[in-house]
Structures are given as structure tokens and as C-alpha cells.
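> Sequence and computational prediction follow.
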Amino acid sequence: MRGFRLLFGKEMRELVRTARLPVVLVVFALLGLVSPVFARYMREILEAVGGSQFQGLVPEPVVADAVVQLTKNLGQFGVIMAVLVTMGSVAAEKERGTAVFLLTKPLGRPAFLWAKVAAIGLLLAMATALAGALCWAYTAVLFEPLPMLAYGASVALLWLSLAVFAAITFAASVVAPSALVAGGVGIVALLAAGFVSVAPDLAPYLPTGLWDISNRVAMGGIPDGVAGSVAVNVAIIVIALALSIWSFRRQEL
């Protein structure tokens, strides 16, 4: 792919220059920090605020609560951040005309897209790893250390779920006329996954289904069907990226 390294460097510099990289890292760091704290002290906060009406209603916090809280936070705010940093990746450049300028140089269209995909994937990987590391450290202080290998695998599953929503949004950014439309597609995908997840046979194969699998993996378990769930979500990413390349090659910029 002609120009991939050059374009990838450009994308990483833009992530820094536009403050997207530091902002995303800070948001994910906060999510990682507050998750075990929230899990540990939520019972005491409710009982202090609500008095006797909450007495005994909230169970004693355990280490698994910190893991579940991190998953909930990344499943909400993490997905939103993934959509926000992806929705304008191609659509905004087409609107501004910078895509035309770059592609008049001896640079291939696949390299143009793959550089963006690699930069977004790396950004989400860095942010998810940071959130996971901070959550692990605070969980070790407030509860007990989690098994590192299993916990690392669970964080990788969380990254995969974010990557699915980012890939869908990226495909929309290539096809849609504006970044706003692409962002809407990403949010609709999240809402749709939530609706479809009520079907127990389909839930494990959705990106949202990876969250429950991640929780169980973090505690040292290997749920049945984990390979199938991972394979389906990887396939969604591959299909979304293939659609992006197919569509972008046929567009007149």
C-alpha cells in the first residue's frame, strides 16, 4: 500500500494536535479509576444518603463488582468516545476537501483508509489498556488483585467490543455524506445491539455480548462459546472495513 507509513504518521500527529488522543486517554483513565471506587463505596454512599430505607438492600461489595463496573462504564462512555473519534475520520476530510488533496499525490486509497483504521485501533487499544491497568491497580488496593492473564484477556475483549462499534461508524463515515450522520449510525448500532441482546440465542454474538464474557473471563472463567463470539465480532469488523474500501474506491471525491 503506497504511502501507508506516511499517512499513519499523519493520523497519529493529528490525534495529538487536535487533542483527541489526550482527551480520550484522560476519559478512559477516569473510567478506570472510578470503577473500583464506585463498586467499593456505592453501598456506603446509598446508606448514608438514603438512611434505613437502603439498609440491607445493596449486597456487600466484592471484587467482581469492580470488573462489572468497568465493563458498564466502557460499554456506555467508552462506546460513545469510540464513535466520536471515528465519525469524522473520512466524512470530515471529504467535506473539507483534504481527502482530494491527499489522493492527488501518489498515495493509494486503501492506504488512506488503513492508516486511519490503524490509528483509531491503536488509540482505542491504548485507552482501554490504560483504563484496565488503573482499574486493576485500584481493585488490588480496595479489594484484592485479579488474575493478571485472565484480566488482560478480559480487557482485550472490551477493546474488541469498542472496535466493532468503531468499525461500523468508520464504514458509515466513508459512505455517509457527513460526520454527523456517521455518528448517528454508530449510536443506532449501539441501541440496536441493546434491543437485539434481549434474544438469549443472539446476545453472546453481539459486541454487547462480549461484555458479559469479559466479566467472566476476568474472574478466571472461560465461558462456553467464547471463540464463536470473538469470531463473529471479528467478522463484523472485517465486513465493515471491506465495505469501506469497496465504497471508497467507487466514490468521486
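Perfect, thanks for sending it.

> how about low-confidence regions in the stretch 101-250 of the chain?
Judged against pLDDT under 70, the low-scoring parts of the stretch 101-250 of the chain cover residues 101-107.

> how near is L123 to F28?
L123 is 10 Å from F28, where distance means Cβ to Cβ, to the nearest Å. Every residue, glycine included, has its C-beta placed from N, CA and C.

> Looking at those two, which is more packed in?
Each of L123 and F28 had its neighbours counted (other Cβ atoms under 10 Å), and the higher figure belongs to F28 (26 against 23).

> tell me which element the more buried one is part of?
Secondary-structure assignment from DSSP states H and E places F28 in helix 20-50.

> so who does the nearest residue to R216 once chain neighbours are set aside touch?
Among residues not flanking R216 along the chain, P223 sits closest, at 5.0 Å (Cβ to Cβ, 6 or more residues apart in numbering). P223 is in contact with D212, I213, R216, V217, counting by Cβ atoms under 8 Å, 6 or more residues apart in numbering.

> Helix, strand or coil: sort out P223 for me.
coil (DSSP: H, G, I helix; E, B strand; the rest coil).

> Could you measure from it over to P204?
8 Å.

> which residues are common contacts for these two?
Residues touching both P223 and P204 (Cβ under 8 Å, 6+ apart): D212, I213.

> Return the list of helices and strands in contact with the longest helix along the chain.
Counting by DSSP state H, the longest helix found in the chain is helix 109-142. Counting contacts by 3 or more Cβ pairs under 8 Å, 6 or more residues apart in numbering; DSSP states H and E, helix 109-142 is packed against helix 4-17, helix 20-50, helix 63-73, helix 79-86, helix 98-103, helix 148-175, helix 226-249.

> Name the surrounding residues that touch stretch 228-245.
90, 109-110, 113, 117, 157, 160-161, 163-164, 167-168, 170-171, 174-175, 204-207, 209-210, 213.
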